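Structure of the sequence below:
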Amino acid sequence: MKQQQGGAGGGLLGVRFESQRFRLLSIVVGCFLISVTFLLSSRPDAGAFDTLSPKPWLEEARSTQTKPTTAIKTVKTSPKLGGRDFLVDVVPQRGAQGESHGRQPQQSAGERTETEWVKDTVIIEERIGGAGAGGTERAEQEEAERDVLNAGTVDRQPGVQDESAQGTATEEEEAAHHDDLPAQTMGAAVTTARPAVLETTTATQPDQLPVPGLFSDKETQKVGGRTMKLQADPQQTPAIIKHTTPLPPLCDFSDRRADICDFSGDIRLDANTSSYVVVVDPATPGQSHKVRPYQRKGDETCMGRITEITVRTSSAVPPKCTQTHTVPAVTFSIGGYTGNIFHDFSDVLVPLYNTIHKYRGEVQLVMTNVAPWWLVKYDKMLRTISRYAPIDLAKAATAGEVHCFPHAIVSLRAHRELIIERDRSVDGLATPDFTRFVRRALALPRDAPSRVADGTGRKPRLLIIARHRTRILLNLADVILAAEGAGFEAAMSESDVGDPLSRVGAEINSADVLVGVHGAGLTNMMFLPPGATLVQVVPWGGLQWIAHMDYGDPAEAMGLRYIQYEIGVEESSLKDKYPRDHEIFTNPTGMHKKGFGFMRQTLMDGQNITVDLDRFRGVLQEALGNYLAQ
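Residues are numbered from 1 along each chain as shown. This is a model prediction of the structure:
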């Protein structure tokens, strides 16, 4: 009995021992299952026991593709998500019939195929690790897949068998391409719930950037040299914002002196039509402007005599070049009021220097309304400012020429009369820079007036500009005697418009003081050495303002000393034409309202001058004091 009880007790103990082992095993198995479950939970795209192979539908989709770009993975880094990397699977969708949408849409007859359509589904896999042997193997696999992406996504063009063999985008180029996209754009692209349609075509100029989440149906955008067409789901109708970079305006019409066109590119000057054609991409908005390249904007009488130049863009077949230039072209007119030395300088030569000085002679002058004598007169200055013979647009038109340039300027940059303003000059030039250029071009010897202590005993030289038709200085001989009595070596200049510029310039450059009645002859002050003195005799009629504007301000801008002598009624020949109570004496400035034509005819060309020598001696003493102060 005891033995039976003992046997029963031993069996009970054995059962208890086995029960404990079973519980321990259950705990171990449970922990293992929990661990497996935890590991699988970190792989959102894996099956219950299949953590290495892709999903069956993904494998099937890949197997249905016929091109090497069927199953593509690439790694993208998102700064928006803490710098984590994303492995992107791009898988072509299947249609209702199981056919790939990677086919090219039908083209109408005669339509050239330039793009391929590829409908993709974007799958995201967050990659957190990467360290160790597994990470290295994964990195090598992703590198190989990126190579496939680069080989398969380049644009296909007619006649190209294997784009990858002829040169595909490098990894750095792809990175640069994606760097052009805003970070939000990448985020919007990878988190979309519906597939998008992507079209890429070669683009010459990127002029658009995609806006995140704002792709409209079949909207085309250009990014990093490619055109991207994104087609959203028809049920979604978001707005689209276009970012375009149109061609800058070819011309500036804001200046009061002249309309100026300044442009670069493939430029054709069709002389037969007096037009500059800028060849542009067909997608670029067209521009067309008409400009008269002369610096008297607003003067209809003057500008009506100036040849009109057309400046336009065109995407059509351009005229064929008969001569190609490697330097810029600057086009201007020498019509208008030229032939008068004041307008020769103020309307043409000063603005021309201001416009093309920066080219250091490497510039092609293109002229309209050419007068051969004008070219002869200013030949030395033109040769100094440009190394190339000027093009006469009229002669080029007769010969049917088409000149091609990389850059062109139509019209000249003019500031005030005979003045270059440093703060407005593109190159920081000022009026003394121009007068220095004139002296160099004409080889004028003096850069400073005479000095008392130079040891030569030479008197300062005073030169009076003689006029022969209007505003004549009737007592010129007496003025010369008064100047000599004041201590000057006095002389008279009788230069004519036809005289060689070098001879006239040398004569004026020899003077320390230049005296003249208001008029174009005072423009010769351009040849004076800096520090010399200009004396302007202003006729009667309230002309002080125009006298100072035309010659006083320029003289001071040139570094000259300026004295303005304004005559009285008794010094004007007008006293012999009108009664003393006439408005021309009582309110001369009121007569200016009748216009410049009346002013010129009556107050300028209608009077001569007899200087009051007693008053004028004071001016001579002031001029001598300027000389002594040198």
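
low-confidence ranges in the chain?
Residues of the chain meeting the criterion pLDDT under 70: 1-19, 38-246, 452-456, 630.

let's see 50
Flagging of the chain using pLDDT under 50 yields the residue ranges 1-6, 8, 13, 15, 44-76, 78-135, 145, 148-244.

Near Glu484, how many other residues are there?
15 (other Cβ atoms under 10 Å). The C-beta positions use only the backbone N, C-alpha and C, and glycine is treated the same way.

cool, the one 5 residues further on as well?
Residue crowding around Glu489 was assessed by other Cβ under 10 Å; the count is 17.

and if you look at Ala520?
By other Cβ under 10 Å, neighbour count at Ala520 equals 20.

and if you look at Ile309?
25.

Help me confirm that it comes into contact with Tyr294.
No: at 10.4 Å, Ile309 does not count as touching Tyr294 under the criterion of Cβ atoms under 8 Å.

for the closest residue to Thr307 other than its chain neighbours, what are its contacts?
Once flanking residues are discounted, Thr307 sits nearest to Thr368: 4.0 Å by Cβ to Cβ, 6 or more residues apart in numbering. The contact partners of Thr368, by Cβ atoms under 8 Å, 6 or more residues apart in numbering, come to Ser274, Pro293, Ile306, Thr307, Ile309, Thr331, Phe332, Ser333, Ile334, Gly335, Leu393, Ala394.

The same query, at a cut-off of 6 Å, please.
By Cβ atoms under 6 Å, 6 or more residues apart in numbering, the contact set of Thr368 is Thr307, Ser333, Leu393.

Of those - the most surrounded one?
Ser333 (25 neighbours).

what's the distance between that one and Lys297?
12 Å (Cβ to Cβ, to the nearest Å).

List the contacts of stretch 277-295.
204, 246-247, 250-251, 257-259, 261, 263, 265-268, 303, 306, 308-315, 318, 331-333, 336, 347, 351, 410-411, 414.

Would you mark the buried spots in it?
Across stretch 277-295, burial judged by 16 or more other Cβ atoms under 10 Å covers Val277, Val278, Val279, Val280, Thr284, Gln287, His289, Val291, Arg292, Pro293, Tyr294, Gln295.

and which of those residues is nearest Glu401?
Glu401 lies nearest to Val277 out of the buried residues of stretch 277-295, by Cβ to Cβ, at 13.8 Å.

So the closest one belongs to a strand, correct?
Yes: Val277 forms part of a strand when assessed by DSSP: H, G, I helix; E, B strand; the rest coil.

any idea how far it lies from Glu570?
Taking Cβ to Cβ, one finds Val277 at 63 Å from Glu570.

if we can go back for a sec, in strands only, show me the contacts of stretch 277-295.
251, 261, 263, 265-268, 309-314, 331-333, 410 (DSSP state E).

and Ala482, what does it touch?
Leu613, Arg617.

Shouldn't it be within a helix?
Yes: under three-state DSSP, Ala482 sits within a helix.

Residue numbering should commence at 674 henceforth.
From this message on, residue numbering opens at 674, which makes the last subject Ala1155.

That one and Arg1140, how far apart?
In terms of Cβ to Cβ, Ala1155 sits 18 Å off from Arg1140.

Would you map the helices across the stretch 1124-1273 of the chain?
1149-1159, 1174-1182, 1217-1220, 1226-1230, 1256-1259, 1269-1271 (DSSP state H, counting those that start in this stretch).

what's the nearest residue to Ser1084 if we skip its chain neighbours?
Nearest non-adjacent residue to Ser1084 (Cβ to Cβ, 6+ apart): Pro966, at 4.0 Å.
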